[in-house]
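Student: I need the structure of the sequence given here:
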Amino acid sequence: MNTIQMFRQLALVAAVSMSAGTAWAELPEATMYKDPNCGCCSKWAEHMRAAGFSVKEVPSQEMGRIKSQLGVPEALGSCHTARIGNYVIEGHVPAADVKQLLAEQPAGARGLSAPGMPMGSPGMEGGTPDRYDVVQFNADGGETVFARH
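Tutor: Take a look at the predicted model:
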């Protein structure tokens, strides 16, 4: 390997490292609304923090009102609701799915939901894992499967 090739490789490694660090730092803060007595919600917040998100936990006795104000379809409800960037994340949605949503920014998307409280989802570990869908819900009322787990 000559000197020019070595410098090119070093420059490439440096550029990749810097862009990865920038992407990590640019994740928007998550504001998670939860029932004050719910423990699994805080476990989901820990999962999100481990994935690089900053999470602010806001206990509330008004979860129904919050979900309604943020446009969460009743059929897609779960135990906690988060606002991340321009999106609403309902329930135990994996961090990788949230990152994909933020990267792709699908037209019309209002948010993602892991309806109910599926066993094996982030924050609901233990027991026999359920197969579950993460559903994208849109401003026009439409819904599509975003990911299967």
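Student: which residues in the protein form strands?
Tutor: In the chain, the strands defined using DSSP state E lie at 30-34, 55-59, 81-84, 87-91, 109-114, 133-138, 143-148.
Student: Give me the helices and strands touching the third one, please.
Tutor: So that's strand 81-84. If you count contacts as 3 or more C-beta pairs under 8 Å, 6 or more residues apart in numbering; DSSP states H and E, strand 81-84 packs onto strand 30-34, helix 63-70, strand 87-91. Just so you know, the C-beta spots here come from the backbone N, C-alpha and C atoms, and that holds for glycine as well.
Student: Equivalent analysis for the fourth one, please.
Tutor: Contacting strand 87-91 under the criterion 3+ C-beta pairs under 8 Å, 6+ apart are the following elements: strand 81-84, helix 95-104, strand 109-114.
Student: where does the chain dip in pLDDT?
Tutor: Applying pLDDT under 70 to the chain flags residues 1-25.
Student: make it 50
Tutor: Counting by pLDDT under 50, the chain shows low-confidence ranges at 2-25.
Student: contacting residues for the residue positioned nearest the centre of the chain?
Tutor: Nearest to the geometric centre of the chain sits residue 98, at 3.3 Å (C-alpha atoms, centre = their mean). Residues in contact with residue 98 (C-beta atoms under 8 Å, 6 or more residues apart in numbering) are 48, 51, 53, 84, 87, 89, 112.
Student: how much space between the closest residue to the second one other than its chain neighbours and residue 122?
Tutor: Okay, so that is residue 51. Of all residues not flanking residue 51 in the chain, residue 95 sits nearest, at 3.4 Å (C-beta to C-beta, 6 or more residues apart in numbering). According to C-beta to C-beta, to the nearest Å, residue 95 stands 7 Å off from residue 122.
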